[in-house]
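Visitor: everything below, folded, please.
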Amino acid sequence: MPRRQVNSRARDALAIVLLFLVYFVTARVGLQMDAVAGFATLVWPPTGIALAALFLFGARLWPGVLAGALCVNLVLGASWPIALTIAAGNTLEAIAASWLLRRIGFEARFERIRDVVALVLLAAVCSTAISAGVGLVALLLGGKIGAALAWPTFRAWWFGDMLGDLVVAPLLFVWISRPVLLRRRLFVPEALAFFVLLIAFSLLVFGGAPKEGGLLRLPYLVFPPLFWVAVRFAQYGAVTGTFVVSAIAIACTALGLGPFVHATLAENLLYLQIFLGVAAGTTLTVAAAIAERSRAADVRDEFLAIASHELRTPITAVLLHIQRELRALRRTSAVRQRDEVIRHLEVTERMTLRLSRLIAELLEVSRMMSGRFEPDREEVDLAAVVQDSIARHEQQLLDAQCPVDVQVDGAVRGVWDRDRLDRVLDNLIGNAAKYGAGKPIEVRLRGAADRVLLEVRDHGIGIDPADHARVFERFERAVSRKQFSGLGLGLWISRKIVEAHGGSISLVSERGAGSTFSVELPRNGAS
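Guide: Okay, the predicted model is just below:
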């Protein structure tokens, strides 16, 4: 067996053992909190730990979850069948949550509101019902609880797992996956001051006698410092602040202190967990909304800088070329040769066309963003559109030494917006020439009964599979801007145009092995 494979398996084995130990220890702590029937508790950190471990490091770590859940239930006195069934439910819950989050493109940095919504709905609400349901069935069939305790057991199990996903998992997600915060002036003193304030507010709200009243005992008073920490320290502040408040609130409630102490510990914890779940979800949403707004501002500033640079380059070139020609004309009175004049005018034309394409891209983005984008459909021969695009790129293709091979199979006519398809072809063929210089380009057109398939393939630098989805977004590129110019809008515009026709665009590529862009268009051009 190769040494690298041995090392990989050893690391996985160590990770599984560590996950087992952490799961077991935190489970034992949670089960001390007045567990219903001894098995269902409202405080269950292992759920969040298991989700973070399987999502960040791979589902192959599931044996650590299974072993941890199995051992802790055996220690509680469950029989092997009951313990194994409960452990299977806990493991399936973690696997399902991590799979669902991966499936929808969840990002553990919580920089988008959709990531917070996904965590709440898919992980905290849906996947946790699996573990609670399997555990309830195991306890009922094993005779550990009667029908009267079915709902309290399921509720405690479900809510306890939910809070693990909402408080513990985000803490691990952010601290493991996010880059280190940029240090600003007085960063450390400010962080210490804010968290001391947060702890003080938490103790003030949750640390008093249960019958003690007053405005300072109202639980929602922890929201202002929580939000402020999220504003000042982004996701780090949001998840850490929520964890600190939750830990203090749970400890105080378990000791019989705070505004949630009214009846039994299980009932007190139930109401507290609902409050903490709302606090966690709200604080994460605030942090994500701030991150989205900040990212949008950064993208805008970056775009303006790139656009100004890209527009300045052809404008400067055209201006310099015209000035050079004027100086040449002023220095001599001789009539210049026709071929020389044509050559200089062709250079000017190419630079002007480049400038025109950049401006057209900006106008198209403006239409799409304002909702004024509507294809103007007519009968179109896609093969003719391809030939026209190749003709427009003739000089670029010659300079790049990229011969183009076009093959047409069947009828490729449809009802589309010709001008918009021109833009799609220009983007695909232009990119193929730019990134596949010195190598051939193949264009394939195939007509089906109700659809037409277009493929543009180059043999250039290729695109890493991890970047396939990203390159179709606004201002995204898979290459360095220092190496290749451009606004990073071409593929996004192409995707929007194709989707407006009811079609789809996809990419197959490997780094160093070229790229194949495939466009499918329904013949009637309707979505």
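
Visitor: now do the SS call for the residue most central in space within the chain.
Guide: The residue lying closest to the centre of the chain (C-alpha atoms, centre = their mean) is E107, at 4.0 Å. Under the three-state scheme (DSSP: H, G, I helix; E, B strand; the rest coil), E107 adopts coil.

Visitor: residues contacting it?
Guide: By C-beta atoms under 8 Å, 6 or more residues apart in numbering, the contact set of E107 is D115. C-beta here means a position set from N, CA and C on the backbone, and glycine is covered the same way.

Visitor: tell me the phi and psi of it?
Guide: Main-chain dihedrals, E107, degrees, to the nearest 10: phi -120, psi 130.

Visitor: likewise R392?
Guide: According to degrees, to the nearest 10, R392 has phi -70, psi -30.

Visitor: pull the number of nearby residues for it.
Guide: The tally of other residues near R392 (other C-beta atoms under 10 Å) stands at 17.

Visitor: isn't it up against D426?
Guide: Yes. Contact criterion C-beta atoms under 8 Å: R392 and D426 qualify, at 6.7 Å.

Visitor: where in the stretch 351-500 of the chain is pLDDT low?
Guide: 351, 353-354, 356-358, 360-373, 475-488 (pLDDT under 70).

Visitor: kindly recompute the last result at 90.
Guide: When residues are selected by pLDDT under 90, those of the stretch 351-500 of the chain lie in 351-378, 389, 391-401, 417-420, 422-423, 426-427, 430-438, 448-450, 460-497, 499-500.

Visitor: now do the strands in it.
Guide: 378-381, 404-409, 413-416, 441-447, 451-458 (DSSP state E, counting those that start in this stretch).

Visitor: any chance of these in CSV with mean neighbour count and distance to H262 as columns?
Guide: Below are those laid out as CSV (neighbours: other C-beta atoms under 10 Å; distance: least, C-beta to C-beta, whole Å):
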stretch, mean neighbour count, distance to H262
strand 378-381, 15, 71
strand 404-409, 13, 75
strand 413-416, 21, 67
strand 441-447, 19, 70
strand 451-458, 21, 64
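
Visitor: any low-confidence regions in the stretch 201-350 of the chain?
Guide: Looking at the stretch 201-350 of the chain by pLDDT under 90, you get 201, 204-205, 207-221, 231-234, 254-270, 290-350.

Visitor: between the two ends of stretch 447-465, what distance do you get?
Guide: 28 Å (C-alpha to C-alpha, to the nearest Å).

Visitor: wait, stretch 256-268
Guide: 9 Å.

Visitor: in it, what counts as buried?
Guide: For stretch 256-268, a neighbour-count test (16 or more other C-beta atoms under 10 Å) marks L257, G258, P259, F260, V261, L265, A266, E267, N268 as buried.

Visitor: what's it in contact with?
Guide: In contact with stretch 256-268 (C-beta under 8 Å, 6+ apart) are residues 33-34, 36, 42, 152, 156, 205-210, 217-219, 249, 252-254, 269, 271-272, 275.

Visitor: I'd like to know how many residues surround the closest residue in space to G430 that isn't next to it in sequence.
Guide: Sequence neighbours aside, H393 is the residue nearest to G430 in space, at 6.1 Å (criterion: C-beta to C-beta, 6 or more residues apart in numbering). H393 sits with 21 neighbouring residues when counted by other C-beta under 10 Å.

Visitor: contact partners for H393?
Guide: So H393 contacts D426, I429, G430, A433 (C-beta under 8 Å, 6+ apart).

Visitor: now render these as a markdown table, adding distance to V117 and neighbour count.
Guide: Below are the contacts of H393 laid out as a markdown table (distance: C-beta to C-beta, whole Å; neighbours: other C-beta atoms under 10 Å):
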| residue | distance to V117 | neighbour count |
| --- | --- | --- |
| D426 | 38 | 19 |
| I429 | 39 | 24 |
| G430 | 38 | 19 |
| A433 | 42 | 23 |
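
Visitor: just the residues you listed now: which is nearest P170?
Guide: G430 (42.8 Å; C-beta to C-beta).

Visitor: touching, that closest one and Q396? I think so.
Guide: Yes. Under the criterion of C-beta under 8 Å, G430 makes contact with Q396 at 6.8 Å.

Visitor: in a strand, S518, correct?
Guide: Yes. Under three-state DSSP, S518 falls within a strand.

Visitor: identify the bridge partners of it.
Guide: E455, S506 (DSSP bridges).

Visitor: any idea of the pLDDT on it?
Guide: pLDDT recorded at S518 is 93.

Visitor: neighbours of it, how many?
Guide: Using other C-beta under 10 Å: S518 sits among 15 other residues.

Visitor: M33 now?
Guide: 19.

Visitor: quick one: contacts for it?
Guide: By C-beta under 8 Å, 6+ apart, M33 lies in contact with T41, L42, V43, I250, A254, L265, L269.

Visitor: would CSV of these with secondary structure be doable?
Guide: Formatted as CSV, those follow (three-state DSSP):
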residue, secondary structure
T41, coil
L42, coil
V43, coil
I250, helix
A254, helix
L265, helix
L269, helix
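
Visitor: let's see if you can find the most crowded of the residues you listed.
Guide: Top of the contacts of M33 by neighbour count (other C-beta under 10 Å): L42, with 30 neighbours.

Visitor: quick check: that residue vs M162, distance?
Guide: Counting by C-beta to C-beta, to the nearest Å, the separation of L42 from M162 is 10 Å.
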